[in-house]
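J.: Provide a 3D model corresponding to the input given below.
(2 chains)
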2 protein chains.
Amino acid sequence: MRQVFQQELREVQDRLIAISELVTISIENAVRAFNESDVAIAEGVIENDTRIDVLTRALDELAINILARQQPVARDLRTVVSALRISASLERMGDMAEHIAQLARYRFPERAVPKGLRSTFAEMGRLDVEISRKLTEMLRNQDVDIAEEILTDDDRVDDLHVAVFEKVLGDSWKGEATATVDATLASRYHERFADHAVSIAKKVQYLATGDWAPEADDNAL
Amino acid sequence: MRQVFQQELREVQDRLIAISELVTISIENAVRAFNESDVAIAEGVIENDTRIDVLTRALDELAINILARQQPVARDLRTVVSALRISASLERMGDMAEHIAQLARYRFPERAVPKGLRSTFAEMGRLDVEISRKLTEMLRNQDVDIAEEILTDDDRVDDLHVAVFEKVLGDSWKGEATATVDATLASRYHERFADHAVSIAKKVQYLATGDWAPEADDNAL
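T.: From the prediction side, this is the model:
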């Protein structure tokens, strides 16, 4: 029984890693679709998100099935419940990638990334991809030190998010309303993507210490 | 044992109702703070959200504690796991109310609600409050028919969300970038608030039928 249970926990972990890899592909492509106005890549991201949704749902069913059959306690219970929460966050990261891709598609053949903010969004996108890769590595190796790197990267994403608003609300901003809307939404989606990764990283980190992670903060601007 | 367990499930339900009531107070005040630029009320919403966060976290601990001690199966297990998810959605509804209040505070003494969109936001806010009240009623009476009303109200919120973008991206829009940013974010927060309520309503509805609710859709615009 115990051995079966350990195999099942391993299966849960493997599936989280697989979903995290799909999320990484989504954010890589979403960032490229958004920065290069590539509508074919954007369509691919939107399709990929359906797969992420199906896989997270199947993972949730497996986790609940394990709760019902194995009735885990203590650390094992926390591991399974955390898997449910990590799954929910990965699903939202996929949604944020999809939203970034949708912005590219809505504006096509125009560029969704507003003038004057190209390098800012390129850097935000690079960081989101980096964070997503690190998250997969963290889930794979249970290496809690990576959590600190993800937190540092997220701080930089937050700084860039603030920089986008400073730019858009500054005197030099000549963007039309469309550019202002796109900058606002795209920046929020990039920032929320990183927030969800932080939330997962903290859960993995705290699981190692046997405590619960507090939810990450999120601000209106 | 069974009787204790039923009492505990009742306690979980009572706490969900109590949190839902706090969320309703938050959205009522957030909507008022936003529409009337009342910074004192906005501060109250931000404070109230800390209480919601503490209560949802305590509820999560209780639910996990029940899983560990009572090892529920079948419908009871689904009820407890659903409580965890409903708690997460209520927590996010509180965050959305807080964000709407934060917008009021950032812009004070200016009005955060952009000119030309006052009646739209008044209606969106009214619907969010209505949805939140219905959600509490649904949690209290397990009345699944209310779910349909919430879905209908959410459809109207979605229509208003689209109307905000049509306005902001239309030729008649004379708003500064600040107004465009505020309209974009405020509309998204109002819409997400309703989405989370739909997500909860579906969970309660599906629990009654013994199935899982699919996650609600969310679009980039």
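
J.: contacting residues for the residue lying closest to residue A:193 once chain neighbours are set aside?
T.: Leaving aside its sequence neighbours, residue A:193 sits nearest to residue A:96 (Cβ to Cβ, 6 or more residues apart in numbering or on different chains; 4.1 Å). Using the backbone N, CA and C atoms, a C-beta is placed for each residue, glycine as well. Counting by Cβ atoms under 8 Å, 6 or more residues apart in numbering or on different chains, residue A:96 touches A:27, A:189-190, A:192-193, A:196.

J.: out of the residues you listed, which are inside helices?
T.: Among the contacts of residue A:96, the members falling in helices (DSSP state H) are A:27, A:189-190, A:192-193, A:196.

J.: of these, closest to chain B?
T.: residue A:189 (7.3 Å; Cβ to the nearest Cβ).

J.: ok, and what's touching stretch A:34-42?
T.: A:29-30, A:32-33, A:100-105, A:107-113, A:118, A:121-122, A:125, A:186.

J.: show me what contacts the one residue sitting closest to the centre of chain A?
T.: When Cα atoms, centre = their mean is applied to chain A, the residue found nearest the centroid is residue A:93 (3.0 Å). With contact taken as Cβ under 8 Å, 6+ apart, residue A:93 is in contact with A:23, A:26-27, A:132, A:193, A:196-197.

J.: could I get those residues as a markdown table with neighbour count?
T.: A markdown table is the format used below for those (neighbours: other Cβ atoms under 10 Å in any protein chain shown):
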| residue | neighbour count |
| --- | --- |
| A:23 | 29 |
| A:26 | 28 |
| A:27 | 29 |
| A:132 | 27 |
| A:193 | 31 |
| A:196 | 26 |
| A:197 | 31 |
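
J.: show me where chain A has its strands.
T.: Using DSSP state E, chain A contains no strands.

J.: where does the prediction get shaky in it?
T.: Judged by pLDDT under 70, chain A has its weakly predicted residues at A:1, A:210-217, A:221.

J.: so where do the helices sit in it?
T.: Along chain A, the segments classed as helices by DSSP H run A:2-36, A:39-70, A:74-107, A:118-141, A:145-168, A:177-209.

J.: could I get these as JSON lines with distance to residue B:8?
T.: Below are the helices of chain A laid out as JSON lines (distance: least, Cβ to Cβ, whole Å):
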{"stretch": "helix A:2-36", "distance to residue B:8": "25"}
{"stretch": "helix A:39-70", "distance to residue B:8": "16"}
{"stretch": "helix A:74-107", "distance to residue B:8": "16"}
{"stretch": "helix A:118-141", "distance to residue B:8": "33"}
{"stretch": "helix A:145-168", "distance to residue B:8": "34"}
{"stretch": "helix A:177-209", "distance to residue B:8": "25"}
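
J.: thought residue A:112 was touching residue A:103?
T.: Yes - look at residue A:112 against residue A:103 with Cβ atoms under 8 Å: they come within range, at 4.5 Å.

J.: look up phi and psi at residue A:108.
T.: Main-chain dihedrals, residue A:108, degrees, to the nearest 10: phi -50, psi 140.

J.: can you check the one 3 residues further on too?
T.: Residue A:111 adopts backbone torsions of phi -90, psi 130, taken as degrees, to the nearest 10.

J.: what count of nearby residues applies to it?
T.: By other Cβ atoms under 10 Å in any protein chain shown, 16 other residues sit near residue A:111.

J.: same thing with residue A:107?
T.: Neighbours of residue A:107 using other Cβ under 10 Å come to 19.

J.: ok, residue A:76 next?
T.: Neighbour count for residue A:76, taken as other Cβ under 10 Å: 18.

J.: could you measure it against residue A:83, distance?
T.: Residue A:76 is 11 Å from residue A:83, where distance means Cβ to Cβ, to the nearest Å.

J.: cool, residue A:57 as well?
T.: The spacing between residue A:57 and residue A:83, counted by Cβ to Cβ, is 13 Å.

J.: ok, now residue A:36?
T.: From residue A:36 to residue A:83 the distance is 35 Å (Cβ to Cβ).

J.: which one of the two is surrounded by more residues?
T.: Comparing residue A:36 with residue A:83 by neighbour count (other Cβ under 10 Å), the higher total belongs to residue A:83, at 22 against 13.

J.: touching, that one and residue A:12? I think so.
T.: Yes - the pair residue A:83 and residue A:12 passes the contact test of Cβ under 8 Å, sitting 4.9 Å apart.

J.: circling back: can I get the ones in helices among the contacts of residue A:96 in JSON lines with distance to residue A:162?
T.: JSON lines is the format used below for those (distance: Cβ to Cβ, whole Å):
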{"residue": "A:27", "distance to residue A:162": "21"}
{"residue": "A:189", "distance to residue A:162": "15"}
{"residue": "A:190", "distance to residue A:162": "12"}
{"residue": "A:192", "distance to residue A:162": "14"}
{"residue": "A:193", "distance to residue A:162": "16"}
{"residue": "A:196", "distance to residue A:162": "19"}
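
J.: which one of those residues is nearest residue A:173?
T.: Among the ones in helices among the contacts of residue A:96, residue A:190 lies closest to residue A:173 (Cβ to Cβ), at 18.7 Å.

J.: which residues does that closest one contact?
T.: A:96, A:100, A:121, A:124-125, A:128, A:157, A:160-161.

J.: please repeat the previous calculation with a cut-off of 6 Å.
T.: Each residue near residue A:190 by Cβ atoms under 6 Å, 6 or more residues apart in numbering or on different chains is listed here: A:124, A:128.

J.: again, but for residue A:55
T.: Neighbour list for residue A:55: residue A:19 [criterion: Cβ under 6 Å, 6+ apart].
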